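1. this one's sequence-less:
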DNA sequence: ATCATTATTTGACCTAAGTCAAATTTCTTG
DNA sequence: CAAGAAATTTGACTTAGGTCAAATAATGAT
């Protein structure tokens, strides 16, 4: 799976100048402050956010409680996948957990660019495939691992999450309560 | 989400003859008997299977127990997504639950065809997007719904599943035991 | 139809994780 | 640095769903 990110990065590196220039011409940088919302519930996700620096998350509300569904670090691409794909209202929020700098690409401009530059279409496919596999793997973990095992998985594979993100957020990301996470940590 | 299937179907209907012919030339029909495995664990998923008739499922083994991850009916596309995408060993099996007829397309041939016919590339993107949204929605349900609610969801949105699939399989698809599913059904 | 599988239900008990409440610890910010 | 706020831990108790075992259906092959 990590190797697929490498594949994507290599693909980007190998893009011809024309395609690259076209892509850069529809992207622009922007800064957000800690706590800012890049996307709100019920908005249509009309932009993609490539994290240049900082940390962000995606979450939704479930009877008033925030359930985090994805954490973003440098080089991660933040979007509400189904809102972006269908151009329908998002059930998710995207929030800056620290000050962040992002490279923004507009949905519409990217759609247009894809028709002119087939390599961007291939890139889009690779990104969609990566996301599909990522979610599939997450579902797999919910299906087969206990809360403790899921936490250990994060601890092993994504230690930066445990080091930088408040436990409340990690707990909801793992699908458990804050108290349970605290007890898991006390035990291991 | 259903509307996205419509969009994909409309896109296919609107394909030019050349693209369509190219696609058909790399696809062929095949029949399997109930119980046959279209894909085994540790094999590389080198083909996609479009169900023409019959029912199939995808599952994996977790300490010897079969966990069903997807159910396929007419017009559904059966593949092990990550094995197909990465061309790596599959952790999942694909099994015919009834006699089935499928239209098989080889991975390699499709990859080649995509470079010649960009519309197939767009089609592939749409299929990947659809799968991504489908898994995302399933994960969402695991994250927020109780076992009973997940069962009711199936009962409402996919009654054909309850009508045709053995409870053992439905239970594992819902991430619960057979006994719990039986009790849920007795209560409602 | 009958016997043998296979599928489903029911019972008794167990356990992982949730809930609610209170106590600490750790950050912030004046 | 101190006071307040936020984050985390701990305690007592509840509950959804799991486990193991046995009892009934329901199906299918002869």
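-> Perfect, thanks for sending it. Quick caveat: nothing in here was measured; it's all calculated off a predicted structure.

2. What residues does chain A have near DNA strand C?
-> Taking CB under 7 Å from any atom of the strand as the contact definition, chain A meets DNA strand C at A:146-148, A:175-177, A:179-180. Every residue, glycine included, has its C-beta placed from N, CA and C.

3. can I get these in a markdown table with pLDDT?
-> Shown next, in a markdown table, are the residues of chain A next to DNA strand C (pLDDT from 0 to 100):
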| residue | pLDDT |
| --- | --- |
| A:146 | 95 |
| A:147 | 96 |
| A:148 | 97 |
| A:175 | 96 |
| A:176 | 97 |
| A:177 | 97 |
| A:179 | 97 |
| A:180 | 97 |
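
4. middle-most residue in chain A, spatially?
-> By CA atoms, centre = their mean, chain A has its centre lying nearest to residue A:78, at 4.0 Å.

5. dump the residue contacts of that one.
-> By CB atoms under 8 Å, 6 or more residues apart in numbering or on different chains, the contact set of residue A:78 is A:38, A:48-51, A:56, A:58, A:70, A:72, A:94, A:102.

6. ok, back up a step: just the buried members of the residues of chain A next to DNA strand C?
-> A:147-148, A:175-176 (16 or more other CB atoms under 10 Å in any protein chain shown).

7. quick one on the thing from earlier: can you narrow the residues of chain A next to DNA strand C down to the ones near DNA strand D?
-> Applying CB under 7 Å from any atom of the strand to the residues of chain A next to DNA strand C, one finds that residue A:179 fall near DNA strand D.

8. Restricted to helices, list the residues of chain A next to DNA strand C.
-> Judged by DSSP state H, these include A:147-148, A:179-180 as members of helices.

9. Is there contact, residue-wise, from the longest helix seen in chain A to chain B?
-> If you go by DSSP H, chain A has its longest helix at helix A:118-144. Yes. Using CB under 8 Å from any CB of the partner chain, helix A:118-144 reaches chain B at A:118, A:121-122, A:124-125, A:128-129, A:131-133, A:135-140, A:142-144.

10. again with stretch A:152-167
-> No. Legend: contact between stretch A:152-167 and chain B by CB under 8 Å from any CB is lacking; minimum distance shown is 15.0 Å.

11. repeat for stretch A:61-68
-> Yes. Contact between stretch A:61-68 and chain B is present through A:62, A:67 (criterion: CB under 8 Å from any CB).

12. Ends of that stretch, what's the gap?
-> One end of stretch A:61-68 sits 9 Å from the other (CA to CA, to the nearest Å).

13. now stretch A:44-61
-> First-to-last distance for stretch A:44-61 - CA to CA - comes to 17 Å.

14. Likewise for stretch A:86-99?
-> Using CA to CA, the two ends of stretch A:86-99 sit 29 Å apart.

15. just how off-centre is that stretch within its chain?
-> Centre-to-centre, stretch A:86-99 and its host chain are 10 Å apart (CA atoms, centre = their mean, to the nearest Å).
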